[in-house]
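Student: Whatever this is, show me its structure:
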Amino acid sequence: MKVAIVHYWLLSMRGGEKVIEALCELYPQADIFTHVYNPDGMSDVIKAHRVQTTFIQKLPAAKKLYKKYLPLMPMALEELDLREYDLVISSEAGPAKGVITRPDSLHVCYCHSPMRYIWDHYHIYRENAGLLTRLFMSAMSPALRVWDVTTSARVDQFVANSNFVAKRIKKFYRRDSLVIHPPVATARFALGTKPGDYFLCAGQLVRYKRFDLAIEAFTRNGKRLIVAGTGEEATSLKKLAGPNVEFLGRVDDEKLSELMQGCRALVFPGEEEFGIIPVEVMACGRPIIAYAAGGVLETVVEGKTGVFFREQAPDALNAAIQTFEKIESQFRPDDIRLQANIFDTSVFKQRFAQLIEDLSRPS
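Tutor: Below is the predicted model of the structure:
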């Protein structure tokens with residue numbers, strides 16, 4: 001079976017790229033198609049595959065300005081020639097599913113989310129953009145939405161990475177989907193049984209992840225918070241922080257694992273479609289303090305593996321921290337890790353392979 005994997009861009013190993021890595025292990029014969037490719041940021045598993053880019057790769061400063069070329073990506077996808085492929089797996093969060101396939105091929109879309117910057121997060125992105133970008137978004141987004149909905153009909157089967165995303169797919173595309181949670185390499189994390197004196201925030205420092213909320217809450221309560229990660233919000237976040245908040249910047253996987261194993265809890269203040277970092281922290285046996293929205297409602301068990309707060313406000317987060325401290329001794333690392341193992345990479349591979357087998361079986 002000739003297999004093509006289509007991903008929006010391959011620049012660094014984040015959650016979407018971990019899915020691509022698992023798909024590459026499932027289908028070692030697969031070819032990869034993407035708009036922009038940076039092999040230096042990819043794992044050896046992905047680099048072992050043939051990677052073909054669209055014309056976006058050749059545009060000026062494409063590896064940095066790729067998002068500026070979003071209006072050209074529908075055209076770029078439709079120019080990809082996938083006639084020789086029997087199975088096409090598109091990985092959607094940026095434009096990927098809009099490829100044209102043979103009538104007799106199978107097109108499965110693994111959807112991390114419909115493009116949030118033209119749908120439900122449109123106004124968040126727009127209000128935080130510069131004047132020219134706002135004007136550009138107003139002009140181009142209506143046409144992109146029409147294209148995005150139209151191309152959903154090119155997909156034979158949608159797979160959502162969470163029930164939260166399945167609802168988005170139903171709302172915007174009017175399509176049903178099967179939920180298969182993304183792969184998390186839980187086995188590579190050691191169990192942390194002796195927490196330190198700090199709480200942890202980790203991830204890309206971008207606005208929708210709401211690190212500002214955590215920093216403001218901890219600046220008020222005076223407890224120690226370690227922030228690991230880089231991003232466009234780093235400078236403004238540092239201005240909000242008191243002396244008890246420590247910024248480490250980018251850390252390697254080994255250091256991040258140590259931080260996860262040693263934290264009292266992970267603080268997760270944003271709304272995400274799934275949220276891999278909370279599962280990784282649970283694989284270390286450490287609990288989660290999270291905003292009760294998005295994918296964490298499917299991964300974190302309140303009172304057993306973490307604590308929720310239900311309003312994105314510093315006072316609500318601090319109240320949840322107080323609740324956590326009252327029951328902190330009740331959290332059992334072994335039980336927390338068992339919950340994380342539900343989302344192991346092996347589970348993803350087994351479920352996805354079974355889906356393709358079922359869809360490929362003659363009716």
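
Student: any low-confidence regions in this structure?
Tutor: Scanning the chain for pLDDT under 70 picks out 363.

Student: Give me the domain ranges for it.
Tutor: 3-183+345-360, 186-341 (automatic domain parsing).

Student: got a markdown table for these, with mean neighbour count too?
Tutor: Any C-beta I mention is one placed from the backbone N, CA and C, and that applies to glycine too. Formatted as a markdown table, the domains of the chain follow (neighbours: other CB atoms under 10 Å):
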| stretch | mean neighbour count |
| --- | --- |
| domain 3-183+345-360 | 18 |
| domain 186-341 | 19 |
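
Student: What is the helix or strand containing Ser91 packed up against?
Tutor: Assigned by DSSP states H and E, Ser91 belongs to strand 87-92. Secondary-structure packing of strand 87-92 (3 or more CB pairs under 8 Å, 6 or more residues apart in numbering; DSSP states H and E): strand 3-7, helix 15-26, strand 106-111.

Student: Export these as a markdown table, with columns for distance to Leu178.
Tutor: Output for those, formatted as a markdown table (distance: least, CB to CB, whole Å):
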| stretch | distance to Leu178 |
| --- | --- |
| strand 3-7 | 18 |
| helix 15-26 | 15 |
| strand 106-111 | 9 |
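
Student: who does the strand holding Ser91 pair up with?
Tutor: strand 3-7 (parallel), strand 106-111 (parallel) (DSSP bridges).

Student: what's the angle between it and helix 15-26?
Tutor: 160 degrees (axes from the mean of the first three to the mean of the last three CA atoms, to 10 degrees).

Student: List of residues touching strand 87-92?
Tutor: Contacts made with strand 87-92 from outside it, assessed by CB atoms under 8 Å, 6 or more residues apart in numbering, are listed as 1-8, 16, 19-20, 23, 27, 30, 82, 96-97, 99, 101, 105-115, 155, 356, 360.

Student: hang on, the earlier thing: mind giving me CSV with the strands paired with strand 87-92 and columns for distance to Lys304?
Tutor: As requested, the strands paired with strand 87-92 are exported to CSV (distance: least, CB to CB, whole Å):
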stretch, distance to Lys304
strand 3-7, 35
strand 106-111, 29
